[in-house]
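3D, please:
(2 chains)
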2 protein chains.
Amino acid sequence: MAGPAPFSSSPDDTHTEMLEATYTALQKHGYADLTIQRIGEEFPKSKSLIYQHYDGKDELLVALLEFLHEQFKDDVPDEGFADAGEHLEILLDHALPASLDSERAAFSRAMTELRAQAPHDAAFREQFTRTDRFFRKHISDIVRDGMEQDIFQEVDPDRTATFVATIIHGTRNKRMTTDDEARTAAVRQELEEYVQTHLLTGDDQW
Amino acid sequence: MAGPAPFSSSPDDTHTEMLEATYTALQKHGYADLTIQRIGEEFPKSKSLIYQHYDGKDELLVALLEFLHEQFKDDVPDEGFADAGEHLEILLDHALPASLDSERAAFSRAMTELRAQAPHDAAFREQFTRTDRFFRKHISDIVRDGMEQDIFQEVDPDRTATFVATIIHGTRNKRMTTDDEARTAAVRQELEEYVQTHLLTGDDQW
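Now for the predicted structure:
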């Protein structure tokens, strides 16, 4: 869920440069063909620095996920909305855009591939668990805000947030792993109808 | 979405034995560490037979996905239900069980890993596109049946099916890639409420 260009500003320290090299090499070679050597090829300083800090590609990739998690937390907009309804709408716009530019598509591809390490690697699973929990909490906070503002019905905020986050995740994963990207719009429509009928009070129209 | 034990009956031909060896080796080693040699170690006949038929592990894995797709099509129950409501309920029971036995968990892990090849490999993407389309069509047929039986409201069957299939996929993927398996029950509850209010007519209770 982090932004499309995690290293858009120039890295300001060696550690971040290593993670940028890891991200670049992952995009070029994919997880299976990624090696520390190939990460080194993208790193502007002495490759021995990487070996001093990390024991293997998985350690670097987990550090990359930690970095992206912190960035996601910093970047996610959480104020400046007229109300919780607008907040949720903008979140859905951001999470399920009609089309992905090449940077966001590359980012999503990389995350899809790294997530596939999670079933058999606890360190990866821990990272995705943390990011998923953060995002779910973020959505449940919006739902609670909406209930306080009397614009959302009285629902179970955690259950609603789990549902919405799962739909977003499923859509994003299918978008990257099938040729049916166009179905994204159908899910989005149905999700908005769900918000309309399950969440919004009265006749509010999005 | 295929059953948990794709090779539970003994393979009856060499080709199927190769695919079973591929499946076993994938579960043991994971995608990144899978090699034709390791597939050969699980194959009871001469390894040279594998080399005669396949050029590499990806070709074998795509053939495995094709095999699983056909098996899924054969296995998915599509008759013997009192009505479309019961049909949908049993489908959700099957797709989102409260807990996974070890065979189903192993199967889901393997599928999660293979799906991660899809973003950068068109042959994998084609397989998952086909299976996802089949499953979506299966759900939309249930929705159409329910509308004909006057137990479902007049909805867009394809959009509804896309939504339900996406929720199932997102839940299954999160279940394998995070430590929050328990959230499956929350999604299931919310999905049943969605079916109750968006799909069922009248006061039918599941």
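
can we go C-alpha only for contacts and neighbour counts from here?
Will do.

Local confidence estimate at residue A:131?
Listed pLDDT for residue A:131 reads 97.

ok, and the closest non-adjacent residue to it?
residue A:69 (6.1 Å; CA to CA, 6 or more residues apart in numbering or on different chains).

any idea which element that neighbour lies in?
Using DSSP states H and E, residue A:69 falls within helix A:57-75.

contact partners of the next helix or strand along the chain from that helix?
The helix or strand immediately downstream of helix A:57-75 is helix A:84-95, counting by DSSP H and E. Helix A:84-95 is contacted from outside by A:1, A:78, A:81, A:139, A:142-143, A:145-146, A:149, A:151-152, A:168, A:200, using CA atoms under 8 Å, 6 or more residues apart in numbering or on different chains.

what about 6 Å?
Residues from elsewhere that reach helix A:84-95 (CA atoms under 6 Å, 6 or more residues apart in numbering or on different chains): A:81, A:142, A:145-146.

same deal with stretch A:165-181?
B:118-119, B:125, B:128-129, B:166-167, B:169-170.

element containing the residue of chain A found nearest chain B?
Chain B sits closest to residue A:170 of chain A, with a gap of 3.6 Å, by CA to the nearest CA. Using DSSP H and E, residue A:170 maps to helix A:157-177.

buried residues in the helix or strand that comes right after that helix?
Where DSSP H and E defines the elements, the next helix or strand beyond helix A:157-177 is helix A:183-194. Residues of helix A:183-194 classed as buried: A:183-188, A:190-192, A:194 (neighbour count, 16 or more other CA atoms under 10 Å in any protein chain shown).

What is the end-to-end distance of stretch A:172-191?
Taking CA to CA, to the nearest Å, the first and last residues of stretch A:172-191 lie 14 Å apart.

Check stretch A:98-105 too.
12 Å.

Pull out the buried residues from that stretch.
So stretch A:98-105, judged by 16+ other CA under 10 Å, has buried residues A:104-105.

what do you get for stretch A:57-73?
Buried positions in stretch A:57-73, judged by neighbour count with 16+ other CA under 10 Å: A:57-58, A:60-66, A:68-69, A:71-73.

Output stretch A:78-95 in CSV with nothing but the alpha carbons.
Only the C-alpha atoms of stretch A:78-95 are listed here, as CSV (Å, rounded to 0.1, in the frame of the first residue of the first chain):
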residue,chain,number,x,y,z
ASP,A,78,-5.1,11.0,7.7
GLU,A,79,-6.3,14.5,8.0
GLY,A,80,-7.8,17.4,5.9
PHE,A,81,-11.0,15.6,5.0
ALA,A,82,-14.4,17.2,5.2
ASP,A,83,-15.7,14.0,6.9
ALA,A,84,-15.1,10.2,7.2
GLY,A,85,-17.1,9.6,4.0
GLU,A,86,-14.7,11.8,2.0
HIS,A,87,-11.8,10.2,3.7
LEU,A,88,-12.9,6.7,2.8
GLU,A,89,-13.7,7.7,-0.8
ILE,A,90,-10.2,9.1,-1.3
LEU,A,91,-8.7,6.0,0.2
LEU,A,92,-10.6,3.8,-2.3
ASP,A,93,-9.5,6.1,-5.1
HIS,A,94,-5.9,5.7,-4.1
ALA,A,95,-6.1,2.0,-3.5
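
what would the contacts of helix A:84-95 look like in CSV with pLDDT?
Output for these, formatted as CSV (pLDDT from 0 to 100):
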residue, pLDDT
A:81, 94
A:142, 97
A:145, 97
A:146, 97
